[in-house]
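Novice: quick one, fold the following:
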Amino acid sequence: MMLNAPTVTAVLALASGASAQQANFSEGFDGAFENIWNTFPFASFNVDDAPFVFLDGFPSGTFEAVGNDNVFRMTNAVFDLSYFGMSPEYVLNDPIGRIIEMRINTLGGPLGNSTGPVTLRVLSPSGNSVTIGLFDGTGGTGPLIRTGSTITGDLSTVPIGWAPNTWYRLQLDNTKAALRAKLLNDQGTPIYSRTFPFNLADLQVGGLELRLAVLQDGFVTSTPVLADMAIDWLEVRQGCPADLVAPFGIVDLADIDAFIAAFLAGSPEADLALPVGVLDQGDVDAFITSFFAGCP
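Specialist: Next comes the predicted model:
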């Protein structure tokens, strides 16, 4: 299926350039917490933390500068199957079309000491959750990216060679039919991407209230080891499904060309509407709607 010329013309005529994206939640860690943060997990949530069984409390850390950026530096001694965790008092009830992104600096890591120096998680009251984070690696495996969910029932690791003293972004992209967990460089280019066979809305079975959490953990280490990572900011913003290629933040002819190419190739990049894994008229309509609206 192709977008015909009249449709393309109408899209280009009606769609407008985007302004900066409006954040639904924003924490800048500029010398102090800008939002209320609590120890994770929290009361009323049935948190499925297998295999992690020991909660050490709120992460210890300091507000300091890394270069020109103010950060919250989390530095904690963790051990086998234990974690530190914190969660903002922010509730995400409508995850459709949202992007959750956290900018981090790896400081002196990876240390190769079997820690998860930083993990971003979204979870629901029923215990459903999805996770993306960095892992130091052990036994010669090297630095890893770690992703998983209660729906898929896994916590998988993939070697990606993340470097010390480097800015990265952990992202959960819910702008398409299927949720994608990504590790981005600081320019926003994906280094790793995993597509889940579900959407963040599927976590809401048993309760609409989705919460965010930032964790540090230890894994397969019998003695306490150091987890050290800096967070520059964490935000939830409205995404722009039609904004497929650079320049990002604005939709134009390049995005139309990219959508057509992805649709004809059967790529998940064109899978903008349910059902997951099926490219049909619904995806074309979703693209046109998003293009008309422009980026928020």
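Novice: pLDDT score assigned to T166?
Specialist: pLDDT for T166: 96.
Novice: state the number of residues packed around the closest residue to it other than its chain neighbours.
Specialist: Of all residues not flanking T166 in the chain, T106 sits nearest, at 5.2 Å (Cβ to Cβ, 6 or more residues apart in numbering). C-betas here are computed from N, CA, C, even on glycine. Other residues near T106 come to 20 when the count uses other Cβ atoms under 10 Å.
Novice: contacting residues around T106?
Specialist: With contact taken as Cβ atoms under 8 Å, 6 or more residues apart in numbering, T106 is in contact with 117, 134, 162-166, 168, 229.
Novice: nearest to L279, of these?
Specialist: Y168 (30.9 Å; Cβ to Cβ).
Novice: run the chain-centre distance for the helix or strand hosting the closest one.
Specialist: Here Y168 sits within strand 167-173, counting by DSSP states H and E. With Cα atoms, centre = their mean, to the nearest Å as the basis, strand 167-173 stands 5 Å off its chain's centre.
Novice: got the CA coordinates for that strand in PDB?
Specialist: Extracted in PDB, the C-alpha atoms of strand 167-173 (Å, rounded to 0.1, in the frame of the first residue of the first chain):
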ATOM      1  CA  TRP A 167      26.800  10.500  28.100                       C
ATOM      2  CA  TYR A 168      24.100   8.100  27.100                       C
ATOM      3  CA  ARG A 169      20.300   8.100  27.100                       C
ATOM      4  CA  LEU A 170      18.000   5.300  28.200                       C
ATOM      5  CA  GLN A 171      14.700   5.500  26.500                       C
ATOM      6  CA  LEU A 172      11.300   3.700  26.500                       C
ATOM      7  CA  ASP A 173       9.600   4.700  23.300                       C
END
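Novice: who's in contact with that strand?
Specialist: 99-106, 118, 120, 122, 130, 132-134, 162, 179-186, 188, 191, 200, 232, 239.
Novice: buried subset of these?
Specialist: 99-106, 118, 120, 122, 130, 132-134, 162, 179-184, 200, 232, 239 (16 or more other Cβ atoms under 10 Å).
Novice: could you check how far stretch 254-265 is from the centre of its chain?
Specialist: Worked out by Cα atoms, centre = their mean, stretch 254-265 lies 24 Å from the chain centre.
Novice: what comes up buried for that stretch?
Specialist: 255-256, 258-260, 262-263.
Novice: then that stretch to CSV, C-alphas only?
Specialist: Extracted in CSV, the C-alpha atoms of stretch 254-265 (Å, rounded to 0.1, in the frame of the first residue of the first chain):
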residue,chain,number,x,y,z
ALA,A,254,11.8,13.0,4.5
ASP,A,255,9.5,11.4,7.1
ILE,A,256,6.9,10.6,4.4
ASP,A,257,9.6,8.9,2.3
ALA,A,258,10.9,7.0,5.3
PHE,A,259,7.4,5.8,6.2
ILE,A,260,6.6,4.6,2.7
ALA,A,261,10.0,2.8,2.6
ALA,A,262,9.4,1.2,6.0
PHE,A,263,5.9,0.2,5.2
LEU,A,264,6.8,-1.5,1.9
ALA,A,265,9.7,-3.3,3.6
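Novice: let's test this: mean pLDDT of it, rounded?
Specialist: 95.
Novice: from here on, count from 12
Specialist: All right, first residue 12 from here; so that's stretch 265-276.
Novice: right, and the helix or strand after the lowest-mean-pLDDT helix or strand in the chain?
Specialist: The weakest-scoring helix or strand in the chain, judged by mean pLDDT, DSSP states H and E, is helix 16-25 (a mean of 42). For helix 16-25, the following helix or strand on the C-terminal side (DSSP H and E) is strand 34-38.
Novice: list the beta-bridge partners for S98.
Specialist: N49 (DSSP bridges).
Novice: and it, how far from T161?
Specialist: S98 is 17 Å from T161, where distance means Cβ to Cβ, to the nearest Å.
Novice: same check on K193?
Specialist: Here K193 is placed at a distance of 20 Å from T161 (Cβ to Cβ).
Novice: report the angle between the lengthiest strand in the chain and strand 34-38.
Specialist: Secondary structure of the chain read by DSSP state E shows that its longest strand is strand 236-249. Orientation of strand 236-249 against strand 34-38 (axes from the mean of the first three to the mean of the last three Cα atoms, to 10 degrees) gives an angle of 150 degrees.
Novice: many thanks, I have nothing further to ask.
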